[in-house]
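Chemist: Fold the following.
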Amino acid sequence: HYDNPKPVVAAIVEYEGEVLLARNAKWPPTWFALITGFLEANESPEEAIKREVMEEIGLDCEVMSLVGIYPFFRMNELIIAFHVK
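Modeler: Residues are numbered from 1 along each chain as shown. Sure thing, here's the model as predicted:
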């Protein structure tokens, strides 16, 4: 058994000149986050982020660029962040 990090995609969603952030109803009212989600089998990171944006906020998007790849040690995840419009 290997404890490899799980790949996660994150979107910085640019919409009408602003950045959209998500909020979970269970979070405190001051907490917001990027759109995120896990990759599924046979899915590229670009496909995953487009799917997650559609699922979470109901918008089609275009991937503009890869922002970076960041370890999130506390959750044992590897975050692949994109700028999308």
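Chemist: Show the residue spans covered by the strands in the protein.
Modeler: 6-15, 18-20, 35-38, 63-72, 77-84 (DSSP state E).
Chemist: With mean pLDDT, distance to residue 26 and mean neighbour count as added columns, please give those in a markdown table.
Modeler: All C-beta atoms are positioned from the backbone trio N, CA, C, and that covers glycine. Listed next are those as a markdown table, based on pLDDT from 0 to 100; distance: least, C-beta to C-beta, whole Å; neighbours: other C-beta atoms under 10 Å:
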| stretch | mean pLDDT | distance to residue 26 | mean neighbour count |
| --- | --- | --- | --- |
| strand 6-15 | 97 | 19 | 19 |
| strand 18-20 | 96 | 19 | 13 |
| strand 35-38 | 97 | 15 | 18 |
| strand 63-72 | 98 | 20 | 12 |
| strand 77-84 | 98 | 20 | 20 |
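Chemist: Select, out of these, the one closest to residue 29.
Modeler: strand 18-20 (17.1 Å; C-beta to C-beta).
Chemist: Can you list the helices and strands that the closest one packs against?
Modeler: Other helices and strands packing on strand 18-20, by 3 or more C-beta pairs under 8 Å, 6 or more residues apart in numbering; DSSP states H and E, are strand 6-15.
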